[in-house]
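**Student:** missing the sequence, but the structure's below:
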């Protein structure tokens, strides 16, 4: 896959890449309509103490619990999977076949920017290594540009081994993208967003993938509805964390890495 190999090279050098045209217009419209609908359903029940970076921007969380269409979108791009396996698969995770993903989904939500988001990193600590611990990805639902709050990045900053300097905003590059694209970046990359001054929304679906031993933002494996679990393949269940989630205690199990043969049939019985 030429695009996947190009993406691997771009992420290694510059820290980010745009996978173009990964979703058709009708699929994007369905995802956008669903996202707006779920925002209306859940906004009044969300936590009253959002994170500093999110602020009061419109958000929907835990899309894996909401509708099968979101799960279908999560796994739709074969090129994305190739890139993620290159950066995030653990070669010592022998319980899952080596050609299958053993990375996991850390978070799965949607957001429409309002205020500018300051430069930050998603890895929490800067470090220099050939090994990557996380790849945040955005499925673009509405065209993004400098006026409606697009992502900005400092190319190559994932190799800086330093925390973000806000003075580097002047060197930030806007990532202008089209609906149907996937924008992805190394979690160490300095990035933020411009202010949305368009008066319109600019929704995107945000999915962060990490190595299997990184903590998920919410208890994905403890809250996924059974009917959602039932439609997933073994590979997809592993990506949601079901082959590497913590056991409740030593009597339930002590193996940190598990194969498809250990997947439960019924989650809550």
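**Tutor:** Received it, and whenever you're ready, just let me know what you need. Small disclaimer: the values here were computed from a predicted structure and weren't measured.

**Student:** where do the helices sit along the stretch 1-150 of the chain?
**Tutor:** Here the stretch 1-150 of the chain has its helices, by DSSP state H, counting those that start in this stretch, at 2-14, 25-42, 68-74, 78-88.

**Student:** could those helices go into a markdown table alongside mean pLDDT and distance to residue 263?
**Tutor:** All C-beta spots, glycine's among them, are computed from the backbone N, C-alpha and C. Formatted as a markdown table, these follow (pLDDT from 0 to 100; distance: least, CB to CB, whole Å):
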| stretch | mean pLDDT | distance to residue 263 |
| --- | --- | --- |
| helix 2-14 | 95 | 27 |
| helix 25-42 | 98 | 27 |
| helix 68-74 | 99 | 16 |
| helix 78-88 | 98 | 19 |
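
**Student:** Save those helices as a markdown table, and put in mean neighbour count too.
**Tutor:** What follows is those, written out as a markdown table (neighbours: other CB atoms under 10 Å):
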| stretch | mean neighbour count |
| --- | --- |
| helix 2-14 | 16 |
| helix 25-42 | 16 |
| helix 68-74 | 18 |
| helix 78-88 | 19 |
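
**Student:** For residue 116, find the nearest of the ones you listed.
**Tutor:** helix 25-42 (20.8 Å; CB to CB).

**Student:** Can you give me the neighbour number for the closest residue to residue 114 other than its chain neighbours?
**Tutor:** Computed as CB to CB, 6 or more residues apart in numbering, the closest residue to residue 114 that is not its neighbour in sequence is residue 57, at 4.9 Å. Counted with other CB atoms under 10 Å, residues neighbouring residue 57 total 16.

**Student:** which parts of stretch 206-213 are buried?
**Tutor:** Residues of stretch 206-213 classed as buried by neighbour count (16 or more other CB atoms under 10 Å): 206, 207, 208, 209, 210, 211, 212.
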